[in-house]
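Engineer: Sequence plus predicted model, see below.
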Amino acid sequence: MNLNQLRYLREVARNGLKVSDAAETLFTSQPGISKQIRLLEEELGVTILVRNGKRITDITEPGRIVLDIAERMLRDADNMRSVGREFNDGGRGTLVIATTHTQARYALPPVVARFTQRYPQVRLTLREGSPEHIATLLRDGDADIGIATESDEAFADLVTLPCAQWTRSVITPLKHPLLGAGPLTLEKIATYPLITYDFAFTANSPIKRAFDDAGIQPNIVLTAIAADIIKAYVEMGMGIGILAKMAFDPARDHGIRLINADHLFAASTTRIALRRNAWLRGYIYDFIELFAPRLKHDVVEAALKETGVS
């Protein structure tokens, strides 16, 4: 048994049991992958993959157990490589952060600026996506840190640490009737076309809960991942928007107006997500503390070692 065999098995599973796609991902040949997986099966004495001719159609029950163990072993191997880099590379390395557009655009810039000053030889990469995509990037080892809100189910098998709360506001075009209509209510919002985030009306969203509890059906005309897109369409006059208050910049957003909506929607918690039992390089702990000062090295390290942290 060797790590390459486990890596081949993992990639076949990740690529929908398509050996050709796994071979392309790993820059190797299909016959080579098939041969190594068969050798692994022979050594373990179990069938891992269900085959129908040349096609793989499923993973056997023992195969799923083997795959889970393989995932852990490969993560441990990555951790060992990280230990070596930590003590040989000094302050050099990479840091991949998976996050939402709102966090990347409005919350992270000052943190990134301070981090890059402290670690000029660390290459920082921001990968934007939905909470579900962020969780997948972390789980697959394609990101070191995830920063997101909502979608607790997507992060169930990861360590999540609360670090900040944020509230929502309503934005309107200039001279919109809502601006002079007195206190904002859900009923008033529902009388206008609404533009908001893709995830705003998922099961656990505070926006969905507020409207459902009030028995009100809003008129949603557009949803988007990025706050900047929501603002652009509101400025065009397509409707009013609901977005994170932090995403409104009075110095730049001259074509829209902001109405506070703290009293209508519950605050949301931004969380940092990490792979359980991950070994983090020193500068990753520093980045986390820059973003959330209360999450110091010992707090994060203890959370990574606990099996029940969420």
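Structural biologist: Structure received. The structure displayed is predicted, hence computed values, not measured ones.
Engineer: Which strand residues bridge the closest residue to residue 239 other than its chain neighbours?
Structural biologist: Spatially, and ignoring its direct neighbours in sequence, residue 239 is nearest to residue 193 (3.2 Å; C-beta to C-beta, 6 or more residues apart in numbering). The C-beta positions use only the backbone N, C-alpha and C, and glycine is treated the same way. On the basis of DSSP bridges, residue 193 is bridged to residue 219.
Engineer: correct me, but residue 193 touches residue 221?
Structural biologist: Yes - the criterion here is C-beta atoms under 8 Å, and residue 193 meets it with residue 221 at 4.2 Å.
Engineer: hmm, back to that, check what pLDDT the residue nearest to residue 239 gets.
Structural biologist: Predicted confidence (pLDDT) at residue 193: the value is 97.
Engineer: Output the below-cut-off pLDDT ranges for the stretch 151-300 of the chain.
Structural biologist: The stretch 151-300 of the chain contains residues with pLDDT under 70 at 151-152.
Engineer: what about residue 238, how many residues close to it?
Structural biologist: 16 (other C-beta atoms under 10 Å).
Engineer: swap that for residue 93, sorry
Structural biologist: 19.
Engineer: Verify the contact between it and residue 122 for me.
Structural biologist: Yes - judged on C-beta under 8 Å, residue 93 makes contact with residue 122 at a distance of 5.2 Å.
Engineer: circling back: show me the contacts for the residue nearest to residue 239.
Structural biologist: 219, 220, 221, 238, 239, 240 (C-beta atoms under 8 Å, 6 or more residues apart in numbering).
Engineer: same for the helix or strand hosting residue 231, what does it pack against?
Structural biologist: In this structure, residue 231 sits in helix 227-235 according to DSSP states H and E. Helix 227-235 sits against helix 101-102, strand 168-173, strand 193-197, strand 219-224, strand 240-244, strand 256-260, with contacts defined as 3 or more C-beta pairs under 8 Å, 6 or more residues apart in numbering; DSSP states H and E.
Engineer: do that again at 7 Å, thanks
Structural biologist: strand 168-173, strand 193-197, strand 240-244, strand 256-260 (3 or more C-beta pairs under 7 Å, 6 or more residues apart in numbering; DSSP states H and E).
Engineer: Restricting to C-alpha, output the longest one in CSV.
Structural biologist: What follows is the C-alpha trace of strand 168-173 in CSV, where atoms were taken according to Å, rounded to 0.1, in the frame of the first residue of the first chain:
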residue,chain,number,x,y,z
ARG,A,168,-28.6,43.9,7.2
SER,A,169,-29.9,47.1,5.6
VAL,A,170,-32.3,48.0,2.8
ILE,A,171,-30.9,50.0,-0.1
THR,A,172,-33.0,52.0,-2.5
PRO,A,173,-32.4,54.2,-5.6
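Engineer: is it true that residue 164 lies in a strand?
Structural biologist: Yes - counting by DSSP: H, G, I helix; E, B strand; the rest coil, residue 164 is found in a strand.
Engineer: how near is it to residue 93?
Structural biologist: When distance is defined by C-beta to C-beta, to the nearest Å, residue 164 is 26 Å away from residue 93.
Engineer: mind listing the strands in this protein by residue range?
Structural biologist: Secondary structure of the chain by DSSP state E: the strands cover 49-52, 55-59, 93-99, 122-128, 145-148, 159-166, 168-173, 193-197, 219-224, 240-244, 256-260, 268-274.
Engineer: Pull up the pairing partners for the second one, direction included.
Structural biologist: To tie it back to what came earlier, the one meant is strand 55-59. By DSSP bridges, strand 55-59 pairs with strand 49-52 (antiparallel).
Engineer: Let me see the mean pLDDT of the strand it pairs with.
Structural biologist: On average, strand 49-52 scores 89.
Engineer: on that earlier part again, kindly reformat the strands of the chain as CSV containing distance to residue 213.
Structural biologist: CSV is the format used below for those (distance: least, C-beta to C-beta, whole Å):
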stretch, distance to residue 213
strand 49-52, 47
strand 55-59, 43
strand 93-99, 29
strand 122-128, 31
strand 145-148, 24
strand 159-166, 20
strand 168-173, 15
strand 193-197, 17
strand 219-224, 17
strand 240-244, 16
strand 256-260, 20
strand 268-274, 16
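Engineer: centroid residue for this protein?
Structural biologist: Central residue check for the chain by C-alpha atoms, centre = their mean: the C-alpha nearest the mean position is that of residue 134, 2.1 Å away.
Engineer: Does residue 146 touch residue 275 like I think?
Structural biologist: No - in this structure residue 146 lies outside contact range of residue 275 using C-beta atoms under 7 Å: 9.2 Å.
Engineer: ok, those two, which is more surrounded?
Structural biologist: Shown here are residue 146 and residue 275; by other C-beta under 10 Å, residue 146 has more neighbours (30 against 22).
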